[in-house]
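Asker: generate coordinates for the sequence data below:
(chains A, B, C and D)
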Number of protein chains: 2
Amino acid sequence: MTSVRWLDEREARAWRGLQLMQLRVDGELARRLAAESSLSYPDYTVLVALTAQPEGRVRSFELCHVLGWEKSRLSHHVKRMEARGLVAREACDADRRGAYVVVTDDGRREIEAAAPGHVRAVRELFLEHLTEEQLDAVADAAETVLRALDVDCSR
Amino acid sequence: MTSVRWLDEREARAWRGLQLMQLRVDGELARRLAAESSLSYPDYTVLVALTAQPEGRVRSFELCHVLGWEKSRLSHHVKRMEARGLVAREACDADRRGAYVVVTDDGRREIEAAAPGHVRAVRELFLEHLTEEQLDAVADAAETVLRALDVDCSR
DNA sequence: GAGGGATAGTTGATCTATCATCTATAGTAG
DNA sequence: CTACTATAGATGATAGATCAACTATCCCTC
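Answerer: Residues are numbered from 1 along each chain as shown, chains lettered A, B, ... in the order given. Okay, the predicted model is just below:
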């Protein structure tokens, strides 16, 4: 029972504020995405990562890395998305253990339909309320914390 | 198909950076909490909210409001926590539809055991890497965004 | 070229979250 | 007092996330 250093007011304001903000903003984004498309927020992030690639195909493990997901989560999720026709899996020649995940035409259609509304919502709920200086400050803070966690911030 | 204003570099850096940071930090916090206690991160937040109250008892709908959870999520979660002996439900005299959620002695013990490690982790993963100015900047930004969402920031 | 550990991915069990629905009580207008 | 609507909460079905195995391939060393 050594003495614990609890959060002081400044720390609590930053930490709790950030947590609460993320909870509310992400919740609202997910709700809007679900209302305006057939994609969940996780579906959306998968499709964004795929369509950012030249051919719309990525190795599973890379996708895990980009999304920060565990491989099992990705595997289950991709299976569900595959069943809905949004993505497909393809064998990998170079590494025969491996698998590619590929966007289908349907998947492309869905995300292209959903993206404008989502971006609009991100603006409306978050970006729009902050000055350029605040955006930079937030980004700097996030990058510092991520670097300390040894996460590659360059996407 | 009107033209969409996508995120510029500054916006993307702030938004994606923040999202990624939250994902990684929260993930790591959850992992550590699970490793060092028998509480999940949601369990922890429920118990924090309860023990912050004078008697350790809160009406369910207030708890929903504080946590930003839907009532159904809270109901299910409290049921599970009740089964584990961490909380109890009590009838409400003033409003007979209502229910109180109360921390049990066991619940109190658990959170008192878990809290120091959790606070240490929050420091180590987040607070410690930022200057006081950065903490204030982040808090200001979060409060601005929350106010726009009409969320009461004063806890 | 035969072990041996590391890596890629899948699977099933379990836990957690969300959605729609349902019951019961409150509050309010006529 | 009755009817209407709103609110508090619980529930069951489903979707999503996590954990612990498990298989298959790769890569390295001897």
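Asker: assign a three-state SS to residue A:100, would you?
Answerer: Following DSSP: H, G, I helix; E, B strand; the rest coil, the label given to residue A:100 is strand.
Asker: and for residue A:89?
Answerer: Using three-state DSSP, the structure places residue A:89 in strand.
Asker: name the nearest residue to it, sequence neighbours excluded.
Answerer: residue A:99 (5.3 Å; C-beta to C-beta, 6 or more residues apart in numbering or on different chains). Glycine gets a C-beta too; all of them are placed from N, C-alpha and C.
Asker: got the contact list for that neighbour?
Answerer: By C-beta atoms under 8 Å, 6 or more residues apart in numbering or on different chains, the contact set of residue A:99 is A:59-60, A:89-92.
Asker: so how do I select the buried members of the residues you listed in ChimeraX?
Answerer: Command for ChimeraX, covering only those of the contacts of residue A:99 found buried under the criterion 16 or more other C-beta atoms under 10 Å in any protein chain shown:
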select /A:59,60,89
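Asker: I'd like the contacts of residue A:99 as JSON lines, with pLDDT appended.
Answerer: Conversion of the contacts of residue A:99 to JSON lines gives the following (pLDDT from 0 to 100):
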{"residue": "A:59", "pLDDT": "96"}
{"residue": "A:60", "pLDDT": "97"}
{"residue": "A:89", "pLDDT": "96"}
{"residue": "A:90", "pLDDT": "96"}
{"residue": "A:91", "pLDDT": "94"}
{"residue": "A:92", "pLDDT": "94"}
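Asker: what's the closest of the contacts of residue A:99 to residue A:26?
Answerer: residue A:60 (24.6 Å; C-beta to C-beta).
Asker: is it true that that closest one touches residue A:73?
Answerer: No - assessed by C-beta atoms under 8 Å, residue A:60 is found out of contact with residue A:73, at 11.0 Å.
Asker: and for the spatially most central residue of chain A, nearest residue in space, chain neighbours not counted?
Answerer: Chain A has residue A:45 as the residue nearest its centroid, 4.6 Å off, counting by C-alpha atoms, centre = their mean. Nearest residue to residue A:45, sequence neighbours excluded (C-beta to C-beta, 6+ apart): residue A:67, at 6.0 Å.
Asker: can you check residue A:25 too?
Answerer: residue A:125 (5.1 Å).
Asker: nice, that's everything, thank you.
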